[in-house]
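> Output the structure for:
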Amino acid sequence: MFDLVLIQVAVVTLYASLWFLAALKLRRNDVADIAWGAGFIVLALAGQFTATAASIRGLLALTLVTIWGLRLSLHIGLRNRGKSEDPRYRKWREEWGAHATVRAFFQVFLLQGFLAVVVLSPVTYILAHPYSDFTWIDALGAAVWLAGFGFESIGDLQLVQFKNDPGNRGRVITSGLWKYTRHPNYFGEVTLWWGVWLMACSIPGGWKTVFGPATITVLILFVSGIPLLEKRYEGNVEFKEYRRRTSAFFPLPPKR
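The predicted structure is shown next:
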């Protein structure tokens, strides 16, 4: 597995550098969000090409990563089309001042690439161990992945439809999956990565890659996901009431 990780680190460094150059040309660092999903596909393919053989489990994991990565990158690309740079990246650019270019490369693009290597570790482990039988744990992991992917995809679709209605301008979505959790897309993304980890658990020692899904869970719950997004709504009366009655992450019946 170590050989696969070394190849992935080299590949992601090149991948991040290319996207950084694109960001310089476009003068917007939020292209890093588009690069996020597609980067997992590139890393998974690099791992498969480096592996000694292919397996049903490995091909399934590669397929799941590809489906997720393509959908996410396409979704973000379409969402950002015709809009100005994401406020988060614009704010960082202003705060970093004269060091904005260097810090963007290391703290946005390169850091994101290395985090992807970590999150993908269950898949890398699967690809590095092709000679083990497919078990019921694999089927369970795939089912958990499917549930998470469905939650993320439906949540994103419902949000797009809500925002496309001019009557909802400035309002907070509280319908569909968003009635039960303030972040169904984040819940879905975390869930699907735990599903992939379950597949790795069907291989002896695979449970040790738990740091992969744990990393994306921590990032979304406490770092760059929910905290940054909800900070935008400070002072919003409608969101304050929505937050009072709606679970932040796990889907739960709304409070009265």
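> hey, let's count contacts and neighbours off CA atoms from now on
Fine.
> I'd like to check what contacts the lowest-mean-pLDDT helix or strand in the chain. Which residues are they?
Ranked by mean pLDDT, DSSP states H and E, the weakest helix or strand in the chain is helix 87-96, scoring a mean of 88. For helix 87-96, contacts defined as C-alpha atoms under 8 Å, 6 or more residues apart in numbering pick out 28, 29, 30, 100, 103, 104.
> and what of stretch 5-20?
29, 31-32, 35, 39, 43, 46-47, 50, 105, 109-110, 113-114, 117, 124.
> And whatever helix or strand comes next after the least confident helix or strand of the chain, how far out from the chain middle?
Proceeding N to C from helix 87-96, the next assigned helix or strand is helix 100-104, under DSSP states H and E. Remark: helix 100-104 is offset 23 Å from the chain centroid, using C-alpha atoms, centre = their mean, to the nearest Å.
> was I right about residue 35 contacting residue 73?
Yes. Under the criterion of C-alpha atoms under 8 Å, residue 35 makes contact with residue 73 at 6.7 Å.
> higher neighbour count, those two?
Of the pair residue 35 and residue 73, residue 35 is the one with more neighbours under other C-alpha atoms under 10 Å, namely 23 against 20.
> Buried residues of the least confident helix or strand of the chain, list them for me.
89, 93 (16 or more other C-alpha atoms under 10 Å).
> quick one: it to chain centroid distance?
Its chain's average C-alpha position is 21 Å from that of helix 87-96, according to C-alpha atoms, centre = their mean.
> Could you find the closest non-adjacent residue to residue 242?
Among residues not flanking residue 242 along the chain, residue 174 sits closest, at 7.3 Å (C-alpha to C-alpha, 6 or more residues apart in numbering).
> Around that neighbour, count how many other residues there are.
16.
> Distance of it relative to residue 213?
Distance of residue 174 to residue 213, computed by C-alpha to C-alpha, to the nearest Å: 28 Å.
> quick check: longest helix of the protein.
Looking across the chain with DSSP state H, the single longest helix is helix 136-163.
> Would you confirm that residue 28 contacts residue 83?
No. Using C-alpha under 8 Å, residue 28 is not in contact with residue 83; the gap is 10.8 Å.
> So which of those two has more stuff around it?
residue 28 (17 against 8).
> Can you tell me the element the more buried one falls in?
Applying DSSP H and E, one finds residue 28 in no helix or strand.
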